[in-house]
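Q: Mind looking at a prediction? Sequence and model below.
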Amino acid sequence: MKKIIVTGGLGFIGSNLIDLLISKNYYVINIDKVTYSSNFYNTREHKNSKNYKFIKCDIKDKKIKNIIFKYKPSAIFNLAAETHVDRSIDSPESFIQSNIVGVFNLLECFKKFVKSHKSKLIHISTDEVYGDILSGRSSENYPYQPSSPYAASKAASDHLVSSYVRTYKIPAMITNCSNNYGPKQHPEKLIPKLIYNILNNKPLPIYGKGTNSREWIYVKDHCEALLKVFTKGKVGEFYNIGSNKNLNNLQVSKNLIKISKSVIKIKKNVKIYFVKDRPGHDIRYALNSSKIKNKLGWKPRTNFRQGIKLTFNWYLKNKNYYKSLSKKDIVKRLGTR
């Protein structure tokens, strides 16, 4: 049985990836330092699985090397990162430490490991590194123009990984994905925040005029793409992962209200209202994902209406998920500096 390390596996994308890997009969070692966005609720079904091991560890910690050498993974999926743009505006230092210093330490440990063992590193990044794409779609050779401290920290980590591939010949690949949504996402992000407010009869806050456009992908489709990169991807390559479907925040909110009404009775306070915009808020992200589709044979299977309905129903059936979080983290507005 092949062993896989997933860093940041108590988070949103990491826990969904673990679900997929275990279903494919991989043995998964979940390494997570357990921050506010880590949630043991996300992996509760694997707690007693013979194919799952949780280890509390920060990727900045030197003992990550001992874990790698002990378990000898066929691959490491690096999802350990600070990811919320608003938090990066308020407190950029934690993003530098996790997303840059942490990745540097992981690369140093992995570099030593692959001198004597066969493995791959899949570094998961974001479309935000490309900055505003006002027209067309950004391919993998598009220049990086990050706007926020978060995007800049991810851009730096991407460059670090790429430099280690070229300089030290480590077997690594980088993926840049569009906006994810789906089960187990922390409600600091737009869609789970809106769902929480709908279920709790609260207004729906939208930044600015709601015209900021994002390319939305269902998280399980993203995880399938990551697995495809592991099994078929070429070392040193970048792969964009997106749905080719853009919606602005106002359209997302209206879609969610419509779907919610088909499932539950919405109360009177559930109305869209506009709040002060985020500083430096990018207008539009859009990826050209033709490379992964043509080279690796991947394409998304879930359209937005299907995905948002699956997402809403998951939160409706898993109300204890919200109870497992700090209420302060759900309702507090960040990134207003």
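A: Received the coordinates, thanks.
Q: now the farthest one out in this structure, which residue is it?
A: Using CA atoms, centre = their mean, the residue of the chain lying farthest from its centre is residue 268. It sits 32.9 Å away.
Q: give the contact list for that one.
A: Shown in contact with residue 268 (CB atoms under 8 Å, 6 or more residues apart in numbering): residue 201. Using the backbone N, CA and C atoms, a C-beta is placed for each residue, glycine as well.
Q: which residues touch stretch 38-48?
A: Residues from elsewhere that reach stretch 38-48 (CB under 8 Å, 6+ apart): 8-12, 15, 18-19, 22, 28, 30, 32, 52, 54, 184, 186, 318, 320-321, 324-325.
Q: for stretch 168-176, same thing?
A: Counting by CB under 8 Å, 6+ apart, the neighbours of stretch 168-176 from elsewhere in the structure are 107, 110-111, 114, 119-127, 129-130, 140, 158, 161-162, 164-165, 225-226, 229, 233-241, 287.
Q: Among the residues you listed, name the ones in helices.
A: Counting by DSSP state H, the members of the contacts of stretch 168-176 that fall within helices are 107, 110, 111, 158, 161, 162, 164, 165, 225, 226, 229.
Q: could these go into TSV alongside neighbour count and pLDDT?
A: Written out in TSV, the entries for the ones in helices among the contacts of stretch 168-176 read as follows (neighbours: other CB atoms under 10 Å; pLDDT from 0 to 100):
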residue	neighbour count	pLDDT
107	23	98
110	26	98
111	16	98
158	22	98
161	25	98
162	17	98
164	21	98
165	20	98
225	25	99
226	27	98
229	23	98
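Q: how about these in JSON lines, adding distance to residue 62?
A: Output for the ones in helices among the contacts of stretch 168-176, formatted as JSON lines (distance: CB to CB, whole Å):
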{"residue": "107", "distance to residue 62": "13"}
{"residue": "110", "distance to residue 62": "13"}
{"residue": "111", "distance to residue 62": "14"}
{"residue": "158", "distance to residue 62": "23"}
{"residue": "161", "distance to residue 62": "19"}
{"residue": "162", "distance to residue 62": "23"}
{"residue": "164", "distance to residue 62": "17"}
{"residue": "165", "distance to residue 62": "22"}
{"residue": "225", "distance to residue 62": "32"}
{"residue": "226", "distance to residue 62": "27"}
{"residue": "229", "distance to residue 62": "28"}
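Q: hmm, which helix or strand of this protein has the shakiest average pLDDT?
A: Comparing every helix and strand of the chain by mean pLDDT, DSSP states H and E singles out helix 327-331 as the least confident one, with a mean of 65.
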